[in-house]
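Novice: After the sequence you'll find the predicted model.
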Amino acid sequence: MKKRKNLFERFSNWATHATGSSAAFIIATSTVIIWAVSGPIFNYSETWQLVINTGTTIVTFLMVFLIQKSQNKDSKAIHLKLNELIASHEGTSNRMVNLEDLSEEELDQLAKFYAHVAKLALQEGDLTCTHSIDAAKENHAFKMKARKERQDSSGGNRADKTD
């Protein structure tokens, strides 16, 4: 059931779409051109300069908040979609849900872990190999053991054969 959006939410959605349109860019560009062409009429006075400075400052100030609201909403929606994918997939780690709530240090630690996982994949010779955070080392050890067993069963150590 959809909850009715409040007035600010509706205005914010409308303004985000409107200001991101080609028409908004054309209006902004036209305003600057008209202002520039009117310079000689106003003898390039301080008031003439103040008009564009004040106008652009106000628009910029308001747009910062509008863009941030839009970004926050989009970011939250993306996080929820990713959390759903993580939670619904059997092979993923549920520890990855809500990573956005971790500190910068905790995120750096996870980044190091995934750099290690990439190194393991390089050692395995398969960059497309995937691991969950819970299973990476276990999978790596299992694969290395299986590889060693295959080598042993196919004739043992090559150094022994050459002697």
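Specialist: Sure thing, it's come through.
Novice: Next, the buried residues of whichever strand or helix holds W14.
Specialist: Under the criterion DSSP states H and E, the helix or strand holding W14 is helix 7-19. Of the residues in helix 7-19, 12, 15-16, 19 count as buried by neighbour count, 16 or more other CB atoms under 10 Å. Quick note: C-beta positions are derived from backbone N, CA and C, even for glycine.
Novice: Put together TSV for the residues you listed, with pLDDT and distance to K148 on each row.
Specialist: As requested, the buried residues of helix 7-19 are arranged in TSV below (pLDDT from 0 to 100; distance: CB to CB, whole Å):
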residue	pLDDT	distance to K148
S12	88	60
A15	92	63
T16	91	58
T19	93	62
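Novice: Closest to K119 out of the residues you listed?
Specialist: Among the buried residues of helix 7-19, T16 lies closest to K119 (CB to CB), at 41.9 Å.
Novice: Who are the contact partners of the closest one?
Specialist: 66-67, 69-70 (CB atoms under 8 Å, 6 or more residues apart in numbering).
Novice: at 6 Å instead, please
Specialist: By CB atoms under 6 Å, 6 or more residues apart in numbering, T16 lies in contact with S70.
Novice: Could you do the one 10 residues further on as well?
Specialist: Contacts for I26 were tallied using CB under 6 Å, 6+ apart; there are none.
Novice: Which strand or helix spans it?
Specialist: Assigned by DSSP H and E, I26 falls in helix 22-37.
Novice: which helices and strands sit right next to the next helix or strand after that helix?
Specialist: Sequence order places helix 46-88 as the next helix or strand after helix 22-37, per DSSP H and E. Packing contacts for helix 46-88, counted by 3 or more CB pairs under 6 Å, 6 or more residues apart in numbering; DSSP states H and E, involve helix 7-19.
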